[in-house]
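**Q** Got a predicted structure plus its sequence, pasted below:
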Amino acid sequence: MRRAALVPTLLWIVLAGVDVGAQGLDLRIGGFMPRMRDCGIPSNIPAEYTLFQDVCELYVVDANAFDGLYGGIEYNHVVMKNVELAVHIDGSSESVDTFYRDYERPNGTNVFQTLRLQTLPVGLTVRFLPTSKSARFVPFIGGGVDAVFYEYEEFGDFIDFFDPELPIYPDAFVDDGVAFGLHALGGIRFYINRDFAIVGEGRYLWADTDMGDDFSPQEPGFVNRIDLSGWTWTVGLHVRF
């Protein structure tokens, strides 16, 4: 995920050329509910998201298994009346201990694995705040673009389905990359005083991409895709300066 450092740098260069008004810094924390949370109901998984379909069919995974902690930082400033431009970097990570749904060891015990999904969205947001600067309650809506750096891992014991004997062996599989996407958001700021506000925000991200590395399928013309879309809900502190 080293490439993630380049994105905020480029965004900072863009913002440096903007004539700004009030500026702010947000620190936030909350939860991420990825679209993969539907994994507990395989029929709800779109066919094109083959990685998640495979996960649902192979492993015992609860519907909310990949819901996890989410947090980040945002720099924002006023570019015109009631309009802010912001850059952000956020992150989430969640691990799930699981086992094969329909396969066991010869002695009848489960074959265990751990699945881990880490995401690092870096992006640009335009936010509309339809109130005056003196308002105490400030609702807002907005949207923007993201580069979502991710790493997906599976490690533990696995069955070799290409061998008729179905041997079990320890291994690890990893895929990382970047998916470009869009987000929409809404929320409210409650100003404690002129410079500090409590912020509540909900955001939905759309992002998916082809997988590579250890998840490149062997069948010609077939592509695994990873869906990084989902909801985030956060609370945080906004500092105006």
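**A** The structure has been received and is ready for your questions.
**Q** Quick check: buried residues in stretch 206-226?
**A** For stretch 206-226, burial by neighbour count (16 or more other C-beta atoms under 10 Å) applies to 206-209, 211, 215, 224-226. Quick note: C-beta positions are derived from backbone N, CA and C, even for glycine.
**Q** Quick one: residues contacting Phe158.
**A** The contact partners of Phe158, taken as C-beta atoms under 8 Å, 6 or more residues apart in numbering, are 111, 113, 168-171.
**Q** Can you flag the buried ones in the residues you listed?
**A** If we count by 16+ other C-beta under 10 Å, the contacts of Phe158 have these buried: 111, 113, 168.
**Q** which residues of this structure fall in strands?
**A** Counting by DSSP state E, one finds strands in the chain at the ranges 23-34, 68-80, 83-104, 110-128, 137-159, 168-191, 196-210, 225-227, 230-240.
**Q** can you put the ones you listed in TSV and add mean pLDDT?
**A** As requested, the strands of the chain are arranged in TSV below (pLDDT from 0 to 100):
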stretch	mean pLDDT
strand 23-34	94
strand 68-80	95
strand 83-104	93
strand 110-128	95
strand 137-159	96
strand 168-191	96
strand 196-210	95
strand 225-227	84
strand 230-240	96
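**Q** among the ones you listed, which is nearest Val61?
**A** Closest to Val61 of these is strand 83-104 (C-beta to C-beta; 5.5 Å).
**Q** measure Met80 to Val126 for me?
**A** Going from Met80 to Val126 by C-beta to C-beta, to the nearest Å gives 10 Å.
**Q** who has more neighbours, these two?
**A** Val126 (14 against 10; other C-beta atoms under 10 Å).
**Q** Assess the claim that Pro180 and Phe149 are in contact.
**A** I think there's a mix-up here, since residue 180 is Phe and not Pro. No - here Phe180 lies out of contact with Phe149, judged by C-beta atoms under 8 Å, at a distance of 10.6 Å.
**Q** Between the two, tell me which one has more neighbours.
**A** Taking neighbours as other C-beta under 10 Å, Phe180 and Phe149 compare with Phe149 leading, 23 against 13.
**Q** Could you pull up the residues touching Glu153?
**A** Here Glu153 is in contact with 114-116, 172-175 (C-beta under 8 Å, 6+ apart).
**Q** Apply 6 Å and report the result again.
**A** Neighbouring residues of Glu153 by C-beta atoms under 6 Å, 6 or more residues apart in numbering: 116, 174.
**Q** who does it bridge with?
**A** Here Glu153 sits in beta bridges with Arg116, Val174, going by DSSP bridges.
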